[in-house]
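>>> Show me the folded form of this:
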Amino acid sequence: MGSVRRLGLAAAAAAAPLGLAYRFALAYRVRAGYPRRLPPTHTPTDLGMPYESIIVRSGDLELPAWFIPARGGQRGPGVALIHGWESARDRNLPNARFLHAAGFHCLLIDVRGNGENPAEALPLSAGEFGLDALAAFRALIDRDEVTQGAVMGHSMGAVGAILAAAADDRVAALVAISGPADPYRLTRETFRIANLPIPGPIAVPLAWLTTRVYLHPRGHAVEDISASVAIGRYRGPVLLVHGDDDGVVPVGHMDRLAQAARDGRADDVSPASVETLRVKGGRHSWLYEDPGYRRTVAHFLAGHLGGPLALEDAAMIAADTPVQRIPEAETEFTAVATTAGGFRTLAQVARPGATRLPLVVPDATIPALPTVADEPAAG
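Have a look, this model is predicted:
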């Protein structure tokens, strides 16, 4: 009996860390899977642009959106703009402003569970951003005014844009801003942001388990929602943009995405371009405030969408167009601001109810562990 008891104790001791890790993953999913909903506070009219309120269908969902026609509604290329986590379509108005000035039609949506949409019963991931980005792109190119289209996204919206581009060969150009390279690294970045005292040798397998547990309710496979995998399948021109002082998604993620894109088209006879832009001093959000960013994006899109303006004209107009943040929308990134950090955050895993999925998510969800998205809620 003594030997049996010792074996039982040894097995229990060996299983305890795995059980704690699984409980941590469940708690992480509850705390990090439900963004606060921040409805738009401004419209395109506030920035001097005409617009039409429309609905974009994504599966069974109806997503609120704006279509902003350029050049008096003349036929020409357009861009679908995808916001990041805990954001809304009005946070993309600064991007739309300089793109509109450069002659591009723009379509802006609220991704499900964000903005003006109702809360989701299941946690959100890059998979949902990808589905809604694809729906936005298809709604864009279905319009009579639009000759061809690009998709452009920020942070989680960048992953969504990449997934959409890989899913539809009609995407003529892709712009991904401040995007995380893959789900595992995304999860590890959230550990770092929350100041969790998890050593590297433990963080790697814990991120692996946590990511899979997080995705389980939606049935996503990790490789199916990985930006690095998807960008390797896309064959069109790519522009990757990142701030070199990004404290949420480090700039190394851009390098990984660029390499994956180039590896994916290594055997192409005439591969499309893969371009990168590091914004000096740029953080995770608000890169549109940099004239060089606006110039590069407009030049890239005009070159690959066939105008409507000459490349240098589009670049100059975009760089000279004044843009500013949406003031009332620029709040501190709550998940980072209120997380306890360190051992206090780890201790919360043991609390009763920590692993219980909410049936209804209120406007202000409990944000103890952060998700990588907007530093503040910015587009």
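
>>> CA atoms only: put stretch 244-262 into CSV for me.
Below are the C-alpha coordinates for stretch 244-262, written out as CSV (Å, rounded to 0.1, in the frame of the first residue of the first chain):
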residue,chain,number,x,y,z
ASP,A,244,9.8,50.9,-34.0
ASP,A,245,8.7,51.9,-30.5
ASP,A,246,5.7,49.7,-30.4
GLY,A,247,5.3,48.5,-26.8
VAL,A,248,2.3,46.2,-27.5
VAL,A,249,3.4,44.2,-30.6
PRO,A,250,7.2,44.6,-31.0
VAL,A,251,8.5,45.5,-34.5
GLY,A,252,10.0,42.1,-34.9
HIS,A,253,6.5,40.8,-35.7
MET,A,254,6.7,42.8,-38.9
ASP,A,255,10.0,41.2,-39.9
ARG,A,256,8.5,37.7,-39.4
LEU,A,257,5.5,38.6,-41.5
ALA,A,258,7.7,40.0,-44.2
GLN,A,259,9.8,36.9,-44.3
ALA,A,260,6.7,34.6,-44.4
ALA,A,261,5.3,36.6,-47.3
ARG,A,262,8.6,36.4,-49.2
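
>>> in it, what counts as buried?
Buried residues in stretch 244-262, counted by 16 or more other CB atoms under 10 Å: 246, 248-251, 253-254, 256-258, 260-261. C-betas here are computed from N, CA, C, even on glycine.

>>> of all the residues you listed, which two lie farthest apart?
248 and 261 (21.6 Å; CB to CB).

>>> Looking at the buried residues of stretch 244-262, spot the one nearest residue 154.
Distances from residue 154 to those, taken as CB to CB, are shortest for residue 249 (10.4 Å).

>>> show me what contacts that closest one?
Contact analysis of residue 249 by CB atoms under 8 Å, 6 or more residues apart in numbering lists 155, 178-180, 186, 189, 242, 284, 372.

>>> what about the closest residue to residue 39 other than its chain neighbours, neighbour count?
Leaving aside its sequence neighbours, residue 39 sits nearest to residue 116 (CB to CB, 6 or more residues apart in numbering; 4.7 Å). Residues contacting residue 116 under the criterion other CB atoms under 10 Å number 15.

>>> per-residue confidence at residue 116?
pLDDT for residue 116: 95.

>>> If I follow the layout properly, it ends up in contact with residue 90?
No: using CB atoms under 8 Å, residue 116 makes no contact with residue 90, being 9.8 Å away.

>>> Go through the helix or strand that contains residue 202 and flag the buried ones.
Take DSSP states H and E as the rule and residue 202 turns out to sit in helix 200-215. Using 16+ other CB under 10 Å as the test for burial, helix 200-215 gives 203, 206-215.

>>> State the pLDDT value of the most centrally placed residue in the chain.
The C-alpha lying nearest the average C-alpha coordinate of the chain belongs to residue 156 (CA atoms, centre = their mean; 1.1 Å). We have a pLDDT of 95 for residue 156.

>>> Would you reformat the buried residues of stretch 244-262 as JSON lines and include secondary structure?
JSON lines is the format used below for those (DSSP: H, G, I helix; E, B strand; the rest coil):
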{"residue": "246", "secondary structure": "coil"}
{"residue": "248", "secondary structure": "coil"}
{"residue": "249", "secondary structure": "coil"}
{"residue": "250", "secondary structure": "coil"}
{"residue": "251", "secondary structure": "coil"}
{"residue": "253", "secondary structure": "helix"}
{"residue": "254", "secondary structure": "helix"}
{"residue": "256", "secondary structure": "helix"}
{"residue": "257", "secondary structure": "helix"}
{"residue": "258", "secondary structure": "helix"}
{"residue": "260", "secondary structure": "helix"}
{"residue": "261", "secondary structure": "helix"}
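
>>> could I get these as a markdown table with pLDDT and distance to residue 272?
Shown next, in a markdown table, are those (pLDDT from 0 to 100; distance: CB to CB, whole Å):
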| residue | pLDDT | distance to residue 272 |
| --- | --- | --- |
| 246 | 94 | 26 |
| 248 | 91 | 29 |
| 249 | 94 | 24 |
| 250 | 94 | 26 |
| 251 | 96 | 23 |
| 253 | 96 | 21 |
| 254 | 97 | 18 |
| 256 | 97 | 19 |
| 257 | 98 | 15 |
| 258 | 98 | 13 |
| 260 | 97 | 14 |
| 261 | 97 | 9 |
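
>>> Pick the one among these closest to residue 321.
Ranked by distance to residue 321 (CB to CB), these are led by residue 246 at 23.8 Å.

>>> Skip the chain neighbours and tell me the closest residue to the closest one.
Leaving out its chain neighbours, the residue that sits closest to residue 246 by CB to CB, 6+ apart is residue 284, at 4.7 Å.

>>> Make sure that neighbour is indeed in a helix.
No: counting by three-state DSSP, residue 284 is not found in a helix; it is coil.

>>> Could you check how far it is from residue 73?
According to CB to CB, to the nearest Å, residue 284 stands 35 Å off from residue 73.

>>> now residue 222
Residue 222 sits 43 Å away from residue 73, going by CB to CB.

>>> Neighbour count: the two, which is higher?
Ranked by neighbour count (other CB under 10 Å), residue 222 and residue 73 place residue 222 first, with 17 against 14.

>>> ok now do that one, which residues does it touch?
182-184, 211-212, 215.

>>> Let me see the ranges of the helices in the stretch 101-250 of the chain.
126-141, 156-167, 183-193, 200-215, 227-231 (DSSP state H, counting those that start in this stretch).

>>> winner for burial among those?
helix 156-167 (a mean of 30; mean count of other CB atoms under 10 Å).

>>> ok and that helix relative to helix 183-193, angle-wise?
Interaxial angle of helix 156-167 relative to helix 183-193 (axes from the mean of the first three to the mean of the last three CA atoms, to 10 degrees): 180 degrees.

>>> Helix 156-167 to helix 126-141, inter-axis angle?
Put simply, helix 156-167 runs at 70 degrees to helix 126-141, going by the same axes, to 10 degrees.
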